[in-house]
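[1] okay, predicted coordinates and the sequence, questions at the end:
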Number of protein chains: 2
Amino acid sequence: MPESEPSGPVVVTGGAGAIGSVLVREFLARGREVRVIDNLSGGRRDHLPATNGLLSLTVADLKAPGQYSSVLEGASELWHLAANSDIRRGTANPRLDLDEGTFATFQLLEEARRQEVRRAYFSSSSTVYGLASVRPTPESYGPLEPESLYGAAKLASEGLFSAYAHTYGFRVHIFRFANIIGPRMTHGVLPDFFAKLRADPNRLEVLGDGRQSKGYLRTEDCVAGMLLAVERARAPVNVFNLGTRDLISVAEIARKVVAAHGGRARIEFTGGERGWAGDVPQAFLAIERMQALGWVPQHTSAEAIDRTIAEMVAAERPA
Amino acid sequence: MPESEPSGPVVVTGGAGAIGSVLVREFLARGREVRVIDNLSGGRRDHLPATNGLLSLTVADLKAPGQYSSVLEGASELWHLAANSDIRRGTANPRLDLDEGTFATFQLLEEARRQEVRRAYFSSSSTVYGLASVRPTPESYGPLEPESLYGAAKLASEGLFSAYAHTYGFRVHIFRFANIIGPRMTHGVLPDFFAKLRADPNRLEVLGDGRQSKGYLRTEDCVAGMLLAVERARAPVNVFNLGTRDLISVAEIARKVVAAHGGRARIEFTGGERGWAGDVPQAFLAIERMQALGWVPQHTSAEAIDRTIAEMVAAERPA
């Protein structure tokens, strides 16, 4: 008997963030009711369309289920995208990712269990692998050795999603993201470089030796992949990498950003293999498992970077 | 330049437990100073030799570092064995393993970081694998899909140990234990079966269909393996399975226990592949990585079970 698709309300945590707000728009375009929970620490109200009968925003702390319990009532699926999005902050404050990652995830899953919302999807990260000895790195790679507290919290949350699937009958999808880029980002290499050039147009400091190389996936490609996987993969626990087939180095990104700003800034590298303690210098995800479902990213890493730089430059231009 | 061995005090959390107390005795036999931290929830004071100049016991809650901060002062290594040891309790109380596992581990690692104790060893578990599709299961197996909240907390703690190694310069060892059996156990299949036969000598109820099959490793073999691995493996993060090369089914263990009690109890199976929600019916660890270091368990699973049953029967006999 073919399973009927859920069509009740969708809950999106972190829905006012850069990735969440794209996912929210996609559901609205499909006529689905969307309920966003966001603490607006990274997300912003104006990342979302105006709320109406189909879209609500609840500003709440995931660690305090009393603040959002009613939002989960009657929902048919839960997308958990909320997290600290600044990996470096977790190195300076080791408690941050434990609280905003692991503990928030636990409280959310408990509330979902109480409300019988048993389809739950999680934005994990390539950081769970640490510096993998096999690259591109498949989902079956192990042992997982996260380097950052952020990665440790993502791994902890993966384990919780898995346990809730097997112990309490959830169906879960775990998506291990490459670096995701697109509009409305508040953290990451492009917002960092743009902020530095605003502060000093003649100099761009790059953390590390610039040879750190990673895959960069556009937000739209990431969201399309998640939606497809949820539709087509139906194990109790489904784990998928979401990335691109090419890499780009930090030095190359720096050159592109400088060129887009007129080309006069001098690029200076602070040196060292890693940009900071906990940075993974090489991250390259195998995406065969997603491709087998029929997904292909529409942008290479280089195209995703170029397009995002162009959008950010256009947004900076005085009106 | 050969590295000098640490010879300062050893801290053992859960040192009053069934595994910890064997490890403590081993260090005392080697003339090392041992400081035990235990909340005595599972462990017992009389599992330890009398405290003296070489052995101290601090009854403390790992979640409250103020209670044991001084214990870590000047220590050269930290063995973190403390945990909830009853997997089923975590299914009924999902917060238990998050608190006593993940959060306790975090607080302990933070205190170790403050005190500059940067060699830390962790008792993880085969439960991080969930029901692995490859058996015997190597350390490189993935993705990790714990079935229990207990397994999720072990995975979360592995991630924390890894992040502390890479971010803060720790050297860590992570040991994924098979079922460990030996004297002084308060949980697990043998204490359960013995308790049931004490309550009703004519009937032994077995959870599940009895076909769950796992490896059982004697405590002494487990402790010898950990000590060897710490001596010989020196990566920032070292992950090792500790198990046996043979399996034994729960039905077989039940028959052995009944035989040791005179053979008159009727064995009744509750049915179903799993003993309880979150139980992993088949667990079989590959131990080639430990064997390559020169470790061989001195007991098969069947021998470990036989020896432990004999010890438990002897302990039950009226004096």
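    Nice, I can see it.
[2] so A:Ala156 sits against B:Ala152, correct?
    Yes - between A:Ala156 and B:Ala152 there is a contact under CB atoms under 8 Å: 7.4 Å. For every residue, glycine as well, the C-beta is placed using N, CA and C.
[3] show me what from the stretch 1-150 of chain A comes close to chain B.
    A:91, A:94-95, A:98, A:102-103, A:106, A:110, A:113, A:128, A:130, A:139-149 (CB under 8 Å from any CB of the partner chain).
[4] are any of these buried, and which?
    A:91, A:94, A:98, A:102-103, A:106, A:110, A:113, A:128, A:130, A:139, A:141-149 (16 or more other CB atoms under 10 Å in any protein chain shown).
[5] let's see which of these end up in helices.
    In this view, those that belong to helices under DSSP state H are A:Thr91, A:Phe106, A:Glu110, A:Arg113, A:Leu149.
[6] can you give me the buried ones in stretch A:252-267?
    For stretch A:252-267, by 16+ other CB under 10 Å, it's A:Glu252, A:Ile253, A:Ala254, A:Lys256, A:Val257, A:Val258, A:Ala260, A:His261, A:Ala265.
[7] distance of the second one relative to chain B?
    Distance of A:Ile253 to chain B, computed by CB to the nearest CB, to the nearest Å: 24 Å.
[8] elements contacting the helix or strand hosting that residue?
    According to DSSP states H and E, A:Ile253 maps onto helix A:250-260. The contact analysis (3 or more CB pairs under 8 Å, 6 or more residues apart in numbering or on different chains; DSSP states H and E) places helix A:250-260 against helix A:189-199, strand A:203-206, strand A:266-269, helix A:301-316.
[9] A:Ala224 is nearest to which of those?
    Nearest of the helices and strands packed on helix A:250-260 to A:Ala224, taken as CB to CB: helix A:301-316 at 13.2 Å.
[10] residues contacting the closest one, please?
    If you take CB atoms under 8 Å, 6 or more residues apart in numbering or on different chains as the criterion, helix A:301-316 is touched by A:181-183, A:185, A:190, A:194, A:198, A:214-218, A:221, A:244, A:246-248, A:252-253, A:256-257, A:260-261, A:299.
[11] what of stretch A:39-52?
    A:14-18, A:20-21, A:24-25, A:28, A:36, A:55, A:57, A:59-62, A:82, A:84-86, A:100, A:184, A:186-187.
[12] take those and keep only those in strands.
    In strands, defined here by DSSP state E, the members of the contacts of stretch A:39-52 are A:Val36, A:Leu55, A:Leu57, A:Val59.
[13] partner residues bridging the second one?
    It stands for A:Leu55. Here A:Leu55 sits in beta bridges with A:Val34, going by DSSP bridges.
[14] check what pLDDT it gets.
    In this model, A:Leu55 is scored at 98, pLDDT.
[15] my guess is it meets A:Val34, correct?
    Yes - proximity of A:Leu55 to A:Val34 meets the contact threshold set by CB under 8 Å, at 5.2 Å.
[16] tell me which of the two has more neighbours.
    Neighbour tally, A:Leu55 and A:Val34, criterion other CB atoms under 10 Å in any protein chain shown: the higher count belongs to A:Val34, 26 against 20.
[17] quick one: low-confidence parts of the stretch 1-150 of chain A?
    Where the stretch 1-150 of chain A drops to pLDDT under 70, the residues are A:1-6.
[18] ok, A:Lys222 - contacts?
    In this structure residue A:222 is Cys, not Lys. Contacts of A:Cys222 by CB under 8 Å, 6+ apart are A:Ile19, A:Val22, A:Phe175, A:Phe177, A:Ile180, A:Leu242.
[19] before we move on, the earlier item: out of the contacts of helix A:301-316, which are buried?
    Buried among the contacts of helix A:301-316 (16+ other CB under 10 Å): A:181-183, A:185, A:190, A:194, A:214-218, A:221, A:244, A:246-248, A:252-253, A:256-257, A:260-261, A:299.
[20] tell me how many other residues crowd the residue nearest to A:Arg232 when sequence neighbours are not counted.
    Counting by CB to CB, 6 or more residues apart in numbering or on different chains, A:Leu293 is the residue found nearest to A:Arg232 once chain neighbours are left out, at 4.9 Å. For A:Leu293, the neighbour count with other CB under 10 Å is 14.
[21] now do A:Val59
    Neighbours of A:Val59 (other CB under 10 Å): 14.
[22] do A:Asp306 as well
    Neighbours of A:Asp306 under the rule other CB under 10 Å: 15.
[23] quick one: it from chain B, how far?
    Counting by CB to the nearest CB - A:Asp306 and chain B are separated by 32 Å.
[24] now that residue: how far from A:Arg211?
    20 Å (CB to CB, to the nearest Å).
[25] ok, now A:Ala64?
    To A:Arg211, A:Ala64 is 43 Å away according to CB to CB.
[26] what does A:Gln107 give?
    Applying CB to CB to A:Gln107 and A:Arg211 gives a distance of 40 Å.
[27] more neighbours: which of the two?
    A:Gln107 (19 against 13).
[28] do I have it right that the more buried one meets A:Leu62?
    Yes - using CB under 8 Å, A:Gln107 is in contact with A:Leu62, at 5.9 Å.
[29] sorry, back to before: return the member of the contacts of A:Cys222 nearest to B:Ala277.
    Nearest to B:Ala277 among the contacts of A:Cys222, with distances taken as CB to CB, is A:Phe175, at 25.5 Å.
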